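return atomic coordinates for the entry below.
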Amino acid sequence: MTKVLIAAGGTGGHIVPAVSLADILKKQKPDTEIVFFGSSNRMEATVIPEAGYRFFGVRMSGMNSGLKSKIKSAVSLIKAQRACMQLLKKEKPDIVVAFGNYISVPIAQAARRLHIPVMLHEQNSFAGKANRFLASLADAIVCCYESNLTQFPAAKCRVYGNPAATVAKEAAFDADEVRKIGLDPEKPFAVFMMGSLGSSSVSQIIDEACSLFDDSYQIIIAAGRDNDYTFKTQNDERIRIVPYVNGRSMLKGCTLAVTRAGATTIAEIGAIGTASILIPSPNVANNHQFYNAKELADADAAIMIEEKDLNAQMLAETINGLMKNEEKLQSLRNNAAKLGKADAAYRMIDLMEELAANG
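Alright, predicted model coming up:
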């Protein structure tokens, strides 16, 4: 396997695991060339080159409802398929690895026509439309959950997990980050991470809960760089509100994490073995964050609170209770680690080698 083409885009949920796989592959097999494909007008067009990888992009419309949108999508798909055929004939990769999102469709279809092996990666417990559509032409599908086995042809599936977990497992806790914001990394702390956009509704509840948190532990609130909610709580000797934190480092060092339930976050919680409260976003396709969180909650590997049930009093009581209950915290850590698949990237690379050799 001398060249790999990775298709990823749309959101960080697709891009982060794709780049994680590339980073591990580059470290393990430095002679393998890695090329990325995605949308030319979305975040991958800047994020992936910044990560140090060659990137090819096309402009393509999403698969939206409505007659005009469907016609526009069909025309853009045909144009993208032509561009993908040209790209694959030029680059000649040994395998195409697609991480979902509609941008995966034309490159996987073109690879199939050119008899290039195709491997899909599904990050969520409820599979996305693009991967379900492509499942019949894929040579293998790497999943993160046993539930995916009922959504795809089971014979093609490998439940290896998310390559972001491999990178997270190998990450370290940066105590200096905690010191720089004025807290003591040697003392227990709970960290809130709701993503780069934050959440106005959840932020307000966290804000209201701040006065109810026990003073025996510290609080770090990563509000989100683009959150439009302004916290009324002020920084004090034990509470810090910042736009952004290094998520993997915080999951390593915190006593308790309160997060959304995106695929990458769930993978990292498992790989690291972090005690967590999951508040799945209700504003995502197929409500997949709820199903991601439920997988952990059903295994007593996390506490799940749906946003519709959340209030300041309940949040504070739940966190205060957990922070005083080391036995429960350790149980959550142990059970999360049991579900974690920290070797995901290495197993994917082995499968890629096998598919490329047989292709």
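
and the residue nearest the centre of the chain, how far is that from Ala164?
With the centre of the chain defined as its mean C-alpha position, the nearest residue by CA atoms, centre = their mean is Thr264, 2.2 Å away. For Thr264, the distance to Ala164 (CB to CB, to the nearest Å) stands at 5 Å. C-beta coordinates here come from the backbone N, C-alpha and C atoms, glycine included.

now list whatever residues contact both of those two.
Shared contacts of Thr264 and Ala164, defined by CB atoms under 8 Å, 6 or more residues apart in numbering, are found at Val16, Pro17.

low pLDDT regions in the chain?
Counting by pLDDT under 70, the ranges of the chain that qualify are 60-75, 196-198.

contacting residues around the residue nearest to the centre of the chain?
Taking CB under 8 Å, 6+ apart as the contact definition, Thr264 lies against Gly12, Gly13, Val16, Pro17, Gln123, Asn162, Ala164.

and Ile220, what element?
Of the helices and strands defined by DSSP states H and E, Ile220 is found in strand 218-222.

name the helices or strands packed onto that strand?
With contacts defined as 3 or more CB pairs under 8 Å, 6 or more residues apart in numbering; DSSP states H and E, the secondary structure elements packing on strand 218-222 are strand 189-193, strand 239-242, helix 247-253.

quick check: closest non-adjacent residue to Gly182.
The shortest distance from Gly182 to any residue other than its chain neighbours is 6.2 Å, reached at Arg240 (CB to CB, 6 or more residues apart in numbering).

bridging across strands, which residues link to the one you found?
Applying DSSP bridges to Arg240 gives these bridge partners: Ile220.

do Met193 as well
Once the bridges are assigned, which here means DSSP bridges, Met193 pairs with Ala222, Thr259.

how near is it to Ser276?
When CB to CB is applied, the distance between Met193 and Ser276 equals 10 Å.

so how far is Met314 from the closest residue in space to Asn335 that isn't next to it in sequence?
When the adjacent residues along the chain are set aside, Asn335 lies closest to Ala301, with 3.8 Å between them (CB to CB, 6+ apart). Taking CB to CB as the criterion, Ala301 is separated from Met314 by 20 Å.

list the buried ones in the helix or strand hosting Glu317?
Using DSSP H and E, the element containing Glu317 is helix 312-323. Buried residues in helix 312-323, counting neighbours by 16 or more other CB atoms under 10 Å, are found at Ala312, Leu315, Ala316, Thr318, Ile319, Asn320, Leu322, Met323.

the third one contacts Phe213, correct?
Yes - proximity of Ala316 to Phe213 meets the contact threshold set by CB atoms under 8 Å, at 5.7 Å.

so what's Tyr145 up against?
By CB under 8 Å, 6+ apart, Tyr145 lies in contact with Asn124, Ser125, Val159, Asn292, Glu295.

state the pair within those that is farthest apart.
When the contacts of Tyr145 are compared pair by pair using CB to CB, the two farthest from each other are Val159 and Asn292, 14.5 Å apart.
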